[in-house]
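Peer 1: Structural data only, the sequence is not supplied:
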């Protein structure tokens, strides 16, 4: 009977140990999900800012100083957005709430009867809703809704302290992770068995390219589309321009979903505001220009074809992440999905080149 060499047992047990370790990590993440939000958000900020810090470091700037500069840049952008954009956005959201009864009236008295007549559908009417009572009982305005939400959050001193602690942890975690990003990656690679390190480094580099293309590239595409749609709808004269542009930009996380959601919502809002069919042509023009800019400039330059996630897969992983781990799952869903796609792609290549696939 052949004897195993000393190296053979380690080769036999490496894969089971790796799989067991991955399972333990997944279970730990699931159990610790309630406290992971500041660490996930901090890690996301650190990942987005690491390339900028590396570029500053390559030009002779110290790592800590570079992190401070990038951190101040991010803080300034967030502060300006809160000061200038948030009040306008809340005002438009308040205006949208006030228009709900008018939009429902148009849907029940104009749009639905017109469709039933054109399509020869038996006439059915939507139920009448007392919107004044409904809005008064729930949230009549953004201010009232915000006040009620703050009252629920601050109703318990322990909950308030926990929320403030989690919020304060985000910049702290982001700063230290951004400063020690490369060091932490080197240490993580050093834990992996020596025979796996070269291949792991190659796969990690490819996964980083895919995740970076999505997190950085798609994020910029979403912001650019939100700005284009908001500016175009503002030029048309739509009162809810910024709100609708933001919805369309955020929905662009799924290809073409932002265009479809944005144009439908904007057409309804435009007709409810102007009651003029010709204004709808301007709305269509705005979204046509935005879609052309995205297809010809934004996506090819900022994202390219490196993500490799089908739109249906994007929807699935987002819903799966929300189901498994709530907000943390949504944040981690697409990066994890992109990494899994990289490994599955290489596993498929290995399978197709194996004797199992091509042999007798």
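Peer 2: That came in fine, so what should we check first? The model shown is predicted, which means the values in this text are computed figures rather than measured ones.
Peer 1: Leaving out sequence neighbours, find the closest residue to residue 256.
Peer 2: On the basis of CB to CB, 6 or more residues apart in numbering, the spatially nearest residue to residue 256 that is not a chain neighbour turns out to be residue 311, at 7.0 Å. Where C-beta positions appear, they are placed from N, C-alpha and C, glycine not excepted.
Peer 1: if I look at the one you found, how far off is residue 174?
Peer 2: Separation of residue 311 from residue 174 (CB to CB, to the nearest Å): 30 Å.
Peer 1: Could you do residue 68 as well?
Peer 2: When CB to CB is the yardstick, residue 68 and residue 174 sit 12 Å from each other.
Peer 1: Check residue 338 too.
Peer 2: 21 Å.
Peer 1: Backbone dihedrals for residue 252, please?
Peer 2: Backbone torsions of residue 252, given as degrees, to the nearest 10, read phi -70, psi 0.
Peer 1: same thing with residue 192?
Peer 2: Backbone phi and psi, for residue 192 under degrees, to the nearest 10, turn out to be phi -70, psi 140.
Peer 1: where does it land on pLDDT?
Peer 2: We have a pLDDT of 80 for residue 192.
Peer 1: Report the distance from the lengthiest helix in the chain to the chain centre.
Peer 2: For the chain, the helix reaching the highest residue count under DSSP state H is reported as helix 311-352. Its chain's average C-alpha position is 13 Å from that of helix 311-352, according to CA atoms, centre = their mean, to the nearest Å.
Peer 1: same thing with stretch 33-50?
Peer 2: What separates the centre of stretch 33-50 from the centre of its chain is 13 Å, taken as CA atoms, centre = their mean.
Peer 1: Now do it: everything it contacts.
Peer 2: If you take CB atoms under 8 Å, 6 or more residues apart in numbering as the criterion, stretch 33-50 is touched by 29, 67, 70-71, 74, 166-167, 169-174, 177-178, 181-182, 211-212, 215-216, 219, 325-329, 331-332.
Peer 1: Type out the PyMOL command that picks the buried ones from these.
Peer 2: Below is the selection syntax for PyMOL that covers the buried ones among those, with 16 or more other CB atoms under 10 Å defining burial:
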select buried, resi 29+67+70+71+74+166+169+170+171+173+174+177+178+181+211+212+215+325+328+329+331+332
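Peer 1: From the contacts of stretch 33-50, which land in helices?
Peer 2: With helices taken from DSSP H, the overlap with the contacts of stretch 33-50 comprises 29, 67, 70-71, 74, 166-167, 169-174, 177-178, 181-182, 211-212, 219, 325-329, 331-332.
Peer 1: circling back to that earlier point, the residue nearest to residue 256: what's it in contact with?
Peer 2: Residue 311 makes contact with 254, 255, 256, 257 under the criterion CB under 8 Å, 6+ apart.
Peer 1: Ok, residue 219 next?
Peer 2: If you count contacts by CB under 8 Å, 6+ apart, then residue 219 has residue 48 around it.
Peer 1: low-confidence ranges in the stretch 51-200 of the chain?
Peer 2: Along the stretch 51-200 of the chain, the model assigns pLDDT under 70 to residues 120-163.
Peer 1: for it, what spans make up the helices?
Peer 2: When assigned using DSSP state H, counting those that start in this stretch, the helices of the stretch 51-200 of the chain occupy the ranges 63-80, 86-106, 112-118, 131-137, 142-153, 157-179, 181-191, 194-212.
Peer 1: Which one of these lies nearest to residue 350?
Peer 2: With CB to CB as the measure, helix 194-212 is the member of those nearest residue 350 (11.1 Å).
Peer 1: chain center to the closest one, what's the gap?
Peer 2: 23 Å.
Peer 1: Could you list every helix and strand in contact with it?
Peer 2: helix 37-58, helix 181-191, helix 311-352 (3 or more CB pairs under 8 Å, 6 or more residues apart in numbering; DSSP states H and E).
Peer 1: most packed of those?
Peer 2: helix 37-58 (a mean of 18; mean count of other CB atoms under 10 Å).
Peer 1: Let me know the angle separating it from helix 63-80.
Peer 2: Compare the direction of helix 37-58 with that of helix 63-80 by axes from the mean of the first three to the mean of the last three CA atoms, to 10 degrees and you get 120 degrees.
Peer 1: Could I get the buried residue list for stretch 222-239?
Peer 2: Neighbour-count burial for stretch 222-239 [16+ other CB under 10 Å]: 222, 224-226, 228-230, 232-234, 236, 238-239.
Peer 1: quick check, nearest of the residues you listed to residue 261?
Peer 2: Nearest to residue 261 among those, counting by CB to CB, is residue 229 at 10.7 Å.
Peer 1: Secondary structure element holding the residue lying closest to the closest one once chain neighbours are set aside?
Peer 2: If you skip the residues right next to it in sequence, residue 229 has residue 245 as its closest partner in space, 3.7 Å away by CB to CB, 6+ apart. Take DSSP states H and E as the rule and residue 245 turns out to sit in helix 241-251.
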